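> Fold the following for me, if possible:
(chains A and B)
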Amino acid sequence: MSPAAPQFRPRVRWRRLMGRVFQGFCLLAGLISVGVLAVLLIHVAWQGWAYVNWGFLTRPPSQLNPEGGGVRPALLGTLWLMVLTALIAVPTGVGAAVYLEEYTRRNRFVRFVNLNIANLAGVPSIVYGILGLALFVRWLLGSRSLLAGALTMSLLILPVIIIASREALAAVPSSIREAAYAVGATRWQTVRHHVLPAALPGIMTGMILSLSRAIGETAPLIMLGALTFVRFAPGEWSDEHAFTPAGLWMWFTRALDSQFTALPIQIYNWASQPEDVFRQLAAAGILVLLVVLLSMNAVATGIRAWQQRHKLW
Amino acid sequence: MTNMIGVRLGVAAVAAALCASLAYGQKQPALSGMVRVDGSSTVYPITAAAAELFSEVQPKVQVTVGISGTGGGFKKFLEEKAELRTDIQDASRPITSGELERAAKLGVEFIELPIAYDGIAVVVHPSNKFCDYLTLEELKKIWEPASKITSWKDVREGFPDVPLKLYAPGMDSGTFEYFTEAVVGKAKACRADFTPSEDDNVLVKGVEGDAGSLGYFGFSYYEANRAKLKLLAIDGGSGEAIKPDQQTVRKLVYRPLARPLFLYVNKAALSKPQVRAFLDFYLDNAAKIVEHPKVNYVALSNELYATVRKRLEEATTGTVYGAPDAQAKNLYELYGRTE
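Numbering: from 1, shown residues only, chains lettered A, B, ... in the order given. Prediction:
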């Protein structure tokens, strides 16, 4: 080897080839993920499309006449579950986030809480189901009710809501807080009138995304004993309920205490029965679930778009 | 109650059952409240169908039917807290001694009601030409825990060297428990290298997709998928191989792979009028429900249903399966002479 041999060999062709191979690999990876999703959606839509109609949404499931059955109890159960879960988890989660982000400094306690929240976010949902069974069903409420399901789901999504809300709060520039303090606002006024409104879109997005995770959860509900053939929905209105505050309260508490089923459970139930018609019903149920899920995601996307346009800083 | 008995006498014929149940519904006051049922996924289609028909008669009664498996259902039937207990338990096997003990400890009195027959279908891939029947001995040789058989040639002299792939319901299913007890001789004793699934659908798909496959599951699942599978006859030791069908299961000739299915009723729950009405309706229309094409089990004989009916009316508690040889008897021998 002579010392004059060039140290740098351009190998242009080889490097260009590598570049193209890498590009092709990335394209393939992208196509695979999109392709799998497309195949799944087309397959489900093809199987279930014929069954999705107004009657399917408004009829209870049927064992004897599966074609004449529907998802009414499951759909209403899912909606009840989501609303109750949101009512329980959002105030708790946002409160915890505001406390951790606005009222504390980084000390050992906060680090400990942070670590726990991060860990809880990774706990498998079935574990929450077992917790819910022991804590709410067996110990607190004494029934396998809608409320027990909503409380369990709240536990499940709480860490996600807290993390998302904290990120949204942290993204609010401290100049906004400082400006509020400068004109003499208290911490409560600063949070209430400036930080929270500024962080609200982010919080809402986190809330909706975590709810759309909860909407597809089956495992915790199976643990709670919601895997059932149910022909009625929670909160059916009947003549017993007067349209007065007391009557409405009775209706609401009855709904909380009623047995329920949810869309993923109904789908699971159908999918595990042998006849083809049940599989098609399951596909139709998946379509309904997807529509609910996608519309929730659309709302989250809409909020994010709105936030981009109305930035306060 | 007298008019109910009058109606009951009228339901001798299956065809009359529907009209009778409608008339019965009109005579009954409108009931409300909950009836909670849980248990075997095998019994589920029957009870779900009963719940569905009952909702036409008593629309305000809310019947829930869970699918926790027979063992899981008994856990809910025998919960520590009385308010968490289910009213009715669907069971694809008689109550076990362990569950009996727990019931005694909790002070739960129950009424045992056989409701239908279920056969276990043993199936192979439709392209399998060499195997038409298996003896119980051969089945045992295949499925026992120490079994090393991985090829059909080891099952019987003359079978070709085709790899044997096994499909069976999962450990939690009543069908698995029943099959192992009937074939291997000990409940849940089974070799470990088979493909298990709680979902009979997966089993049908597995057997269908594997030329050397052998699997078993509820007879009704076979009926729903008969085009995709080949049904085997079973020689239970009599020297004659018998295929399961409505007749052989009902006459208990297809032994030992035909089994009775049960309802267990919490006696305390019977005081709730809606539970009582649901059970009355269930038993009055049992044959029609059980043999409904969408349910497809084998109904008991009418006289047996009458005996079961009497058991409910007299609230006869306890199990007839306490005796060690009870499993070997048929339902007539067990329930027929209650006097």
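
> residue contacts, residue 252?
With no chain named, the answer covers chain A. A:G235 (Cβ atoms under 8 Å, 6 or more residues apart in numbering or on different chains). Heads up, the C-betas are built off the backbone N, CA and C, glycines and all.

> Not quite, go with chain B.
B:A258, B:N330.

> From A:G24, how far out is it?
66 Å (Cβ to Cβ, to the nearest Å).

> which non-adjacent residue is nearest residue 268?
Just going to use chain A. Using Cβ to Cβ, 6 or more residues apart in numbering or on different chains and skipping residues adjacent in sequence, the residue nearest A:Y268 is A:T218, 5.7 Å away.

> my bad, chain B
The shortest distance from B:A268 to any non-neighbouring residue, by Cβ to Cβ, 6+ apart, is to B:E109 (7.1 Å).

> Point out the residues in the stretch 201-313 of chain A that sit beside chain B.
Proximity of the stretch 201-313 of chain A to chain B (Cβ under 8 Å from any Cβ of the partner chain) is limited to residues A:225, A:227-232, A:238, A:258-259, A:269, A:271-275, A:279.

> And the buried ones among these, selectable in PyMOL?
Restricted to buried positions by 16 or more other Cβ atoms under 10 Å in any protein chain shown, the PyMOL selection for those reads:
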select buried, chain A and resi 225+227+228+229+230+231+232+258+259+269+271+272+273+274+275+279
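
> just checking, what packs against the helix or strand hosting A:V127?
Secondary structure assignment for A:V127, by DSSP states H and E: helix A:125-132. Contacts defined by 3 or more Cβ pairs under 8 Å, 6 or more residues apart in numbering or on different chains; DSSP states H and E place helix A:125-132 against helix A:146-170, helix A:219-224.

> burial of A:W306, as a residue count?
For A:W306, the count of nearby residues is 11 (other Cβ atoms under 10 Å in any protein chain shown).

> Does the residue nearest to B:T195 when sequence neighbours are not counted belong to a helix, a strand or coil?
Distances taken as Cβ to Cβ, 6+ apart put B:Y167 closest to B:T195, at 5.0 Å, once the chain neighbours are dropped. State at B:Y167, reduced to three classes by DSSP: H, G, I helix; E, B strand; the rest coil: strand.

> ok, what's across the strand from B:Y167?
Here B:Y167 sits in beta bridges with B:T195, B:G215, going by DSSP bridges.

> Go ahead and confirm it touches B:D193.
No: applying Cβ atoms under 8 Å, one finds B:Y167 not in contact with B:D193, separated by 11.6 Å.

> Neighbour count: these two, which is higher?
Neighbour count, other Cβ under 10 Å: between B:Y167 and B:D193, B:Y167 has more, with 24 against 10.

> what's the spacing between B:Y44 and A:V52?
25 Å.

> ok, the two, which is more surrounded?
B:Y44 (27 against 19).

> could you give the mean pLDDT of stretch B:241-250?
If you average the pLDDT over stretch B:241-250, you get 85.

> got a list of contacts for stretch A:283-293?
A:41, A:43-45, A:47-52, A:56-57, A:71, A:74-75, A:78, A:212, A:215-216, A:263-264, A:266-267, A:270.

> Please identify the buried residues of it?
For stretch A:283-293, by 16+ other Cβ under 10 Å, it's A:A283, A:A284, A:G285, A:I286, A:L287, A:V288, A:L289, A:L290, A:V292, A:L293.

> So which of those residues sit within helices?
Among the buried residues of stretch A:283-293, DSSP state H puts A:A283, A:A284, A:G285, A:I286, A:L287, A:V288, A:L289, A:L290, A:V292, A:L293 in helices.

> ok now do B:V65, which residues does it touch?
By Cβ under 8 Å, 6+ apart, the contact set of B:V65 is A:T228, A:F229, B:V37, B:D38, B:Y44, B:T47, B:A48, B:A51, B:D90.

> doesn't it fall inside a strand?
Yes: under three-state DSSP, B:V65 sits within a strand.

> Contacts (any at all) between chain A and stretch B:113-122?
No: Stretch B:113-122 does not reach chain A (Cβ under 8 Å from any Cβ); its nearest approach is 11.7 Å.

> one step back: state the distance from the residue nearest to B:T195 to chain A.
Per Cβ to the nearest Cβ, to the nearest Å, B:Y167 is found 14 Å from chain A.

> Likewise for B:V308?
22 Å.

> and the residue nearest to that residue when sequence neighbours are not counted, how many residues sit next to it?
Counting by Cβ to Cβ, 6+ apart, B:V308 lies nearest to B:L113, which is 5.2 Å off, once chain neighbours are set aside. As a burial measure, B:L113 scores 24 neighbours (other Cβ under 10 Å).

> same thing with A:R138?
Quick note: A:R138 (other Cβ under 10 Å) scores 17 neighbours.

> How about the one 10 residues further on?
Using other Cβ under 10 Å, A:A148 has 26 other residues around it.

> Quick one: residues contacting it.
A:G132, A:F136, A:V137, A:L140, A:L141, A:L224.

> in the chain, which segments are predicted with low confidence?
Just so you know, I chose chain A. Residues of chain A meeting the criterion pLDDT under 70: A:1-6, A:227, A:274-275, A:311-313.

> oops, chain B please
B:1-28, B:172-174, B:328, B:337-339.

> Alongside chain A, which residues does it contribute?
B:34, B:36, B:38, B:41, B:44-45, B:47-49, B:51-53, B:55, B:60, B:62-68, B:76, B:80-81, B:83-84, B:198-201, B:204, B:220-221, B:224-225, B:292, B:294-295.

> hmm, which of those are the buried ones?
B:34, B:36, B:38, B:41, B:44-45, B:47-49, B:51-53, B:55, B:62-68, B:76, B:84, B:198-201, B:204, B:220-221, B:224-225, B:292, B:294-295.

> what ranges do the strands span in the chain?
This is for chain A. A:228-230 (DSSP state E).

> switch to chain B, that's the one I care about
B:33-39, B:61-66, B:88-91, B:110-124, B:133-135, B:165-169, B:195-197, B:213-218, B:230-231, B:233-235, B:241-242, B:258-266.

> Out of the ones you listed, which is the most enclosed?
strand B:88-91 (a mean of 30; mean count of other Cβ atoms under 10 Å in any protein chain shown).

> Please parse chain B into its domains.
With domains defined by automatic domain parsing, chain B comprises B:2-117+B:259-335, B:119-250.

> Would you convert those domains into TSV that also reports distance to A:M204?
Conversion of the domains of chain B to TSV gives the following (distance: least, Cβ to Cβ, whole Å):
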stretch	distance to A:M204
domain B:2-117+B:259-335	35
domain B:119-250	39
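
> Of all the ones you listed, which one is nearest A:L146?
domain B:2-117+B:259-335 (12.3 Å; Cβ to Cβ).

> Contacts only, for the residue nearest to A:Y268.
For A:T218, the contacting residues are A:A262, A:P264, A:I265, A:Y268, by Cβ under 8 Å, 6+ apart.

> Ranking by neighbours, what's the top pick from those?
A:A262 (31 neighbours).

> Roughly how far does that one sit from chain B?
Taking Cβ to the nearest Cβ, one finds A:A262 at 13 Å from chain B.

> can you pull out the helices in the chain?
Just so you know, I chose chain A. Under DSSP H, chain A gives helices at A:12-48, A:54-58, A:72-98, A:108-121, A:125-132, A:146-170, A:174-182, A:187-190, A:196-215, A:219-224, A:245-257, A:263-271, A:276-309.

> ah, I was thinking of chain B
For chain B, the helices defined by DSSP H cover B:2-10, B:14-27, B:44-57, B:69-77, B:97-106, B:136-143, B:174-183, B:200-208, B:219-224, B:246-250, B:273-284, B:286-290, B:302-313, B:331-335.

> Turn these into JSON lines, columns for distance to A:T85.
Output for those, formatted as JSON lines (distance: least, Cβ to Cβ, whole Å):
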{"stretch": "helix B:2-10", "distance to A:T85": "45"}
{"stretch": "helix B:14-27", "distance to A:T85": "38"}
{"stretch": "helix B:44-57", "distance to A:T85": "28"}
{"stretch": "helix B:69-77", "distance to A:T85": "24"}
{"stretch": "helix B:97-106", "distance to A:T85": "34"}
{"stretch": "helix B:136-143", "distance to A:T85": "46"}
{"stretch": "helix B:174-183", "distance to A:T85": "34"}
{"stretch": "helix B:200-208", "distance to A:T85": "31"}
{"stretch": "helix B:219-224", "distance to A:T85": "36"}
{"stretch": "helix B:246-250", "distance to A:T85": "47"}
{"stretch": "helix B:273-284", "distance to A:T85": "30"}
{"stretch": "helix B:286-290", "distance to A:T85": "37"}
{"stretch": "helix B:302-313", "distance to A:T85": "41"}
{"stretch": "helix B:331-335", "distance to A:T85": "48"}
